[in-house]
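Colleague: Model the following, please.
(chains A, B and C)
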Amino acid sequence: MEMVSTSRSANWFLALYSSALGKKTVMALTGIVLFGFVFMHMAGNLKVFMGAEAFNHYAEFLRAAGEPILPHGAGLWMFRLVLLTSVTLHITAATQLTLLNRRARPVAYVRRDAVQLGYAERTMRWSGYLMGIYIIYHLLHFTVGSAHPSFSAANPYGNVISAFQAWPVSMIYIVANLLLGMHLYHGLWSLFQTLGCNHPRYNSWRRVFAITFSVVVTAGFLSVPIAVLTGLVS
Amino acid sequence: MRLHLQIWRQENPSASGNLVKYTLDDVSEDSSFLEMLDLLNEQLVGKGEVPVVFDHDCREGICGSCGVMINGLAHGPSARTATCQLHMRTFKDGDTIQIEPWRSAAFPVIRDLMVDRSSMDRIVQAGGFISVRTGSAPEANLIPVPKGDSDEAFDAAACIGCGACVAQCPNGAAQLFTAAKVGHLNILPQGRPERYERAAGMVAQMEAESFGSCSNYRECEAVCPKGISVDWIARMNRDFLVARLKGIQGKTA
Amino acid sequence: MIPAGPLADKWTNHRDHLKLVSPANRRKFKIIVVGSGLAGGAAAASFGEMGYNVECFCYQDSPRRAHSIAAQGGINAAKNYRNDGDSIWRLFYDTIKGGDFRSREANVYRLAEVSMEIIDQAVAQGVPFAREYGGLLDNRSFGGAQVARTFYSRGQTGQQLLLGAYQALARQIAAGTVKMYPRTEMLDLVVEKNRARGIVIRDLITGQVRSHAAHTVVLATGGYSNVYNLSTNAIGCNTTAIWRAYRRGALFANPSFGQIHPTCIPQAGEHQSKLTLMSESLRNDGRIWVPVKTDETRAADQIPENERDYFLERKYPAFGNLVPRDVASRNAKTVVDQGRGVGPMKNGVYLDFADAMKRLGRDTIEERYGNLIEMYQRITGEDAYSTPMRIFPAPHYTMGGLWVDYNLMSTIDGLFVIGEANFSDHGANRLGASALMQGLADGYFIAPYTVANYLSAHLGEEVSASSDPFSRTEDEVRQRTGKLLAANGTRTVDSFHRELGRIVWDECGMERNAKGIHHALIKIPALRDQYHKNVRVPGRGAELNQELERAGRVADYFDLAELMCRDALSRDESCGCHFRSEHQTDEGEALRHDDQFSYVAAWEYAGDGQEPRMHKEELSFEFVEPSQRSYK
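Modeller: Got it, this is the predicted structure:
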């Protein structure tokens, strides 16, 4: 029996993507990109504790990234394009898999209990979609500025301080980042599984890694609105 | 003991079913869960009613025939225990027990608690074997297998193919079953030549059978009567990805 | 019939002269294999690989679930990997002696011979046998042998070997050489002019009765221990296929030879559906005892040492708790019959690890038997580390089965019978770890040659299920199921099965005598009449009907039980598992009468209500000298 069909087609990616496990792989890889981004984002945010000048300088650095090879802002846009592609693929694959999983159980159980399913795993789908909505708000809030009552493109630091001084805004960010933390916690462990990173000696570290980084990222993000609310930063 | 049962009754695959209530008295706490159902059936037959259909055979936890959802858990509340090995002392007098069939698009209900699991056989047919003809085998001790590998292969091969992993998975995924089958053979030197074809073919067949996808919830591992680890899923994913990188698509059954 | 020549050359010479079917012609032949256990699965896969057109049937929902899967201990092979002097001859000798000299020399020798190839085959298939740290295969010792020749996969050897055969079968199903029919039960054999033409089956999902025709039919349908109702067999194991073949003209050999396994968990109540085997290995470290007093009410740990009777150690100082299965079983029954049984139903004996734990530590015991002790805990709710286990013998394996010649063909032309379903290799008692060996030997390495030899004479013949014998047989099957449904009485199938099982267990179980068997021969037909008048089978025939499935199987058990009793009565000696209390040595051991009973009793069906005719196949021992077994 001939089992192998070895066609190295140009549509290799599409072929991979057409399988459910391929979609999971795409989610894991885009997840790594997005995790890398949020980690850097969080680290950059901490500049807020170094004062207005440092923070604004950092913001300007992002726009200038890639110069002089690239024109002003082009590096940032390329970066944004990568992010946008990742987010789109991540959400599309998740949605397609969700629909697939719905079809896989057309008749629901009257009762199905969870055995060890945690809150993070259970809310993965919704934390993901809420995150999507939050990202749009966040962009309108701090990047475009249309959702910010006193936005000034020249003063990102001021934008942050004035925004978070309104406690409802801070609450949105706090809740959203807690969701992000949970999403990361399951996602960071899960991507090892999906990509087949498995070795008996290191398996326990995958969980440690997931906990550490989801806590660090969440704490880093939360520290800014909390610092503003408590008056630590003004 | 007296039990209040709510059992899924469904006449055929296309009929719509519902939970039917029964009260069962004088259940011995030493009887197994299936013996409790036997008792119910004997009473139903005595009353001229149609007994409840369920799959079962060896009743010692190895053939993998039996398996129902018991109060929302595949094989019921005891860890590492197939339905036939679950005993009634786990329950209390007066308990209400809800019994449903495995539910998955890939496991259509045949009748009552009996489902069609032939999809799992087809996954094995797509590469869950080593291609060796009868009589062509070399001397058994020719290829040494490290004890650790052999023991690990056994851990995966202990799968009884009951389908509890699929039943409990919120997504109805068959990843743990497939991964155990792939892993058992792929870890052994005898299975290496077909390693990537096997992973690609079996995954492709699994996906063709309308199972869901894996979200790494690990519910499968929790209800597996043989305690098979989700680590096997990671290994299968790796072999699948390598197969795809090598351009091996695999062939379905 | 048995090839001439020296014992060691018989099979080779015979095989060299068997006729062949050329590869191009093989697909023109259709082979039916009934059963998908070790024998049937191995045979169907092998036939498929060779290029035959195979149809394989099983009643389970998947061929992987056949009851071979439940075998725990291991599989013997004369590899001599331990350098302890093992050889084909020794495996042959141990097996024929273990069978108490009631099997054929040539068959048993062939079994020992092909045992080696089985291990090679299984390892190549990926069966994860236990290994030593050097990466080579491990062996352990098993009852009835002084060498370590048993290959094993923890306590699940049967499962792993069956998965090997199942995977080979799956490969052939994918390749299109084997068509698998799961959830399908054979209800009759179609015979025309004493030649097997096909089978009549019932589709268990739709209830449809239909025929399948083939050039040859291979039965691999296992044993019939479920005649006792409570046994270690799976609930679905049944005798229907071989019983129907018997009624169509196949001889049934040694039906009363059934093995009772000593270490099972005792029955806990009236509604128990099966008995669970605990590996025999427990006897390596557990001490078996009962209280001295008959009216003992104290818990085990309250009974002082001097009020305990370690009856095996007392009676068999040399072998102690490790006497062969039949001896251990019979002695347990004796003490329970004396009223010294333990447990709530006083139906077991203690198997005590207390001394072993003191000597070796709890950890060692846990390492060796942890999984068994856990299984025991699940079933009984008792902790065997703190209180002794309770065990009792249970029916386990049937050595009897359809009579077959050296080619494994029955007395019906073209009907082959392999594995536990035939009678061929184990005589009056089977040694541990040899059932798996026989099933696979028949399926992988014997039937493929002998069936080809048969087929070679039938090239060009058409097969069709539309001829007269098929429709006649189908009608008879429909009438039978119709009759069961029409009785519409007041008792369930299970209640009859329990009553039948009790009779057979009491009168034709571990110990038999003429009086009891006569008794059973009156009670069984009376109960059978009751059964056909008063059984209640709800539902219809043309639908999924599990009660009807059971009803048909139990109906055949009634007839088989009667034949077992006749066989047990006519064999007026003790041998192996057939212990006639009239024939025992002064020490209570089985006493053979080789001068009168050194034969295989092969029974021929003579019509309903007629006494079956017994044919004798004399056993001649050219190469070994039958001796009295002694384990003192």
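Colleague: in chain A, which segments are predicted with low confidence?
Modeller: For chain A, residues meeting the criterion pLDDT under 70 lie at A:1-10.
Colleague: ok, now how distant is A:Asn198 from B:Arg235?
Modeller: Between A:Asn198 and B:Arg235 the distance is 6 Å, computed by Cβ to Cβ, to the nearest Å. Placement of C-beta: from N, CA and C, glycine included.
Colleague: Show me which of those two is the more surrounded one.
Modeller: Neighbours were counted for A:Asn198 and for B:Arg235 using other Cβ atoms under 10 Å in any protein chain shown; B:Arg235 has more, 23 against 20.
Colleague: does any bit of stretch C:81-98 sit next to chain B?
Modeller: Yes: using Cβ under 8 Å from any Cβ of the partner chain, stretch C:81-98 reaches chain B at C:Tyr81.
Colleague: Just the buried residues of that stretch, please?
Modeller: C:81, C:86, C:88-98 (16 or more other Cβ atoms under 10 Å in any protein chain shown).
Colleague: Among these, name the ones in helices.
Modeller: Taking DSSP state H, the ones among these that sit in helices are C:88-98.
Colleague: now the helices for chain A?
Modeller: Going by DSSP H, chain A shows helices at A:12-18, A:20-45, A:52-64, A:74-104, A:119-122, A:124-138, A:156-165, A:167-194, A:203-229.
Colleague: for the third one, packing partners?
Modeller: Judged by 3 or more Cβ pairs under 8 Å, 6 or more residues apart in numbering or on different chains; DSSP states H and E, the packing partners of helix A:52-64 are helix A:74-104, helix A:156-165.
Colleague: among those helices, which is nearest C:Asn545?
Modeller: helix A:74-104 (30.7 Å; Cβ to Cβ).
Colleague: Report the inter-axis angle for the closest one versus helix A:52-64.
Modeller: 80 degrees (axes from the mean of the first three to the mean of the last three Cα atoms, to 10 degrees).
Colleague: Redo the buried residues of stretch C:81-98 as TSV? Include distance to chain A.
Modeller: Compiled in TSV, those are given as follows (distance: Cβ to the nearest Cβ, whole Å):
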residue	distance to chain A
C:Tyr81	29
C:Asp86	37
C:Ile88	36
C:Trp89	41
C:Arg90	41
C:Leu91	36
C:Phe92	38
C:Tyr93	43
C:Asp94	41
C:Thr95	38
C:Ile96	42
C:Lys97	45
C:Gly98	42
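Colleague: residues making contact with the helix or strand hosting B:Asp151?
Modeller: In this assignment (DSSP states H and E), B:Asp151 forms part of helix B:147-157. Counting contacts by Cβ atoms under 8 Å, 6 or more residues apart in numbering or on different chains, the residues outside helix B:147-157 that touch it are B:145, B:179-181, B:183-185, B:187-188, B:228-229, B:232, C:126, C:128-133, C:135, C:153-154, C:159-160, C:163.
Colleague: again, 6 Å this time
Modeller: B:180, B:183-184, B:187-188, B:232, C:128, C:131, C:133, C:153, C:160 (Cβ atoms under 6 Å, 6 or more residues apart in numbering or on different chains).
Colleague: buried residues in it?
Modeller: So for helix B:147-157, counting by 16+ other Cβ under 10 Å, buried means B:147, B:150, B:152-157.
Colleague: For C:Ser424, state which of those is nearest.
Modeller: Relative to C:Ser424, and with distances defined as Cβ to Cβ, the nearest of those is B:Ala157, at 29.9 Å.
Colleague: mind listing what B:Asp55 touches?
Modeller: With contacts defined as Cβ under 6 Å, 6+ apart, the neighbours of B:Asp55 are B:65-66, B:114.
Colleague: same thing with C:Gly607?
Modeller: With Cβ under 6 Å, 6+ apart, C:Gly607 has no contacts at all.
Colleague: One more: C:Arg528?
Modeller: Taking Cβ under 6 Å, 6+ apart, we find C:Arg528 in contact with C:Phe558.
Colleague: And what about it, helix, strand or coil?
Modeller: helix (DSSP: H, G, I helix; E, B strand; the rest coil).
Colleague: how much space is there between it and chain B?
Modeller: Going from C:Arg528 to chain B by Cβ to the nearest Cβ, to the nearest Å gives 20 Å.
Colleague: now swap in C:Gln160 and tell me
Modeller: 6 Å.
Colleague: The closest residue to that residue other than its chain neighbours: which element?
Modeller: Leaving aside its sequence neighbours, C:Gln160 sits nearest to C:Ser153 (Cβ to Cβ, 6 or more residues apart in numbering or on different chains; 4.1 Å). Here C:Ser153, judged by DSSP H and E, is contained in no helix and no strand.
Colleague: Give me the neighbour count for C:Ser153.
Modeller: Count around C:Ser153 with other Cβ under 10 Å applied: 24.
Colleague: now swap in C:Thr334 and tell me
Modeller: For C:Thr334, using other Cβ under 10 Å, the count is 16.
Colleague: wait, what's in contact with whichever residue of the stretch 101-250 of chain B sits closest to chain A?
Modeller: Scanning the stretch 101-250 of chain B for the residue nearest chain A gives B:Arg238, at 2.5 Å (criterion: Cβ to the nearest Cβ). By Cβ under 6 Å, 6+ apart, the contact set of B:Arg238 is A:Gly196.
Colleague: any idea how far B:Ala167 is from it?
Modeller: Applying Cβ to Cβ to B:Arg238 and B:Ala167 gives a distance of 26 Å.
Colleague: next one: A:Asn177
Modeller: For A:Asn177, the distance to B:Ala167 - Cβ to Cβ - is 36 Å.
Colleague: In terms of neighbours, single out the busier of those two.
Modeller: B:Ala167 (27 against 24).
Colleague: dump the residue contacts of the nearest residue to that one once chain neighbours are set aside.
Modeller: Closest residue in space to B:Ala167, ignoring its immediate chain neighbours: B:Trp102 at 3.9 Å, by Cβ to Cβ, 6+ apart. Residues in contact with B:Trp102, defined by Cβ under 6 Å, 6+ apart, are B:115, B:163, B:167.
Colleague: give me that answer again for 10 Å
Modeller: Taking Cβ atoms under 10 Å, 6 or more residues apart in numbering or on different chains, we find B:Trp102 in contact with A:109, B:55, B:67-69, B:74, B:109, B:113-117, B:162-164, B:166-168, B:172.
Colleague: cool, A:Tyr129 as well?
Modeller: Contacts of A:Tyr129 by Cβ under 10 Å, 6+ apart are A:91, A:94-95, A:98.
Colleague: thinking again about what came up before, CA atoms of the helix holding B:Asp151 as CSV?
Modeller: Extracted C-alpha coordinates of helix B:147-157, given in CSV (Å, rounded to 0.1, in the frame of the first residue of the first chain):
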residue,chain,number,x,y,z
LYS,B,147,13.9,-0.3,28.4
GLY,B,148,12.7,3.2,28.9
ASP,B,149,11.4,3.4,25.4
SER,B,150,9.8,0.1,25.6
ASP,B,151,8.1,1.0,28.9
GLU,B,152,6.9,4.3,27.4
ALA,B,153,5.6,2.5,24.4
PHE,B,154,3.6,0.3,26.7
ASP,B,155,2.2,3.3,28.5
ALA,B,156,0.7,4.5,25.3
ALA,B,157,-0.3,1.0,24.1
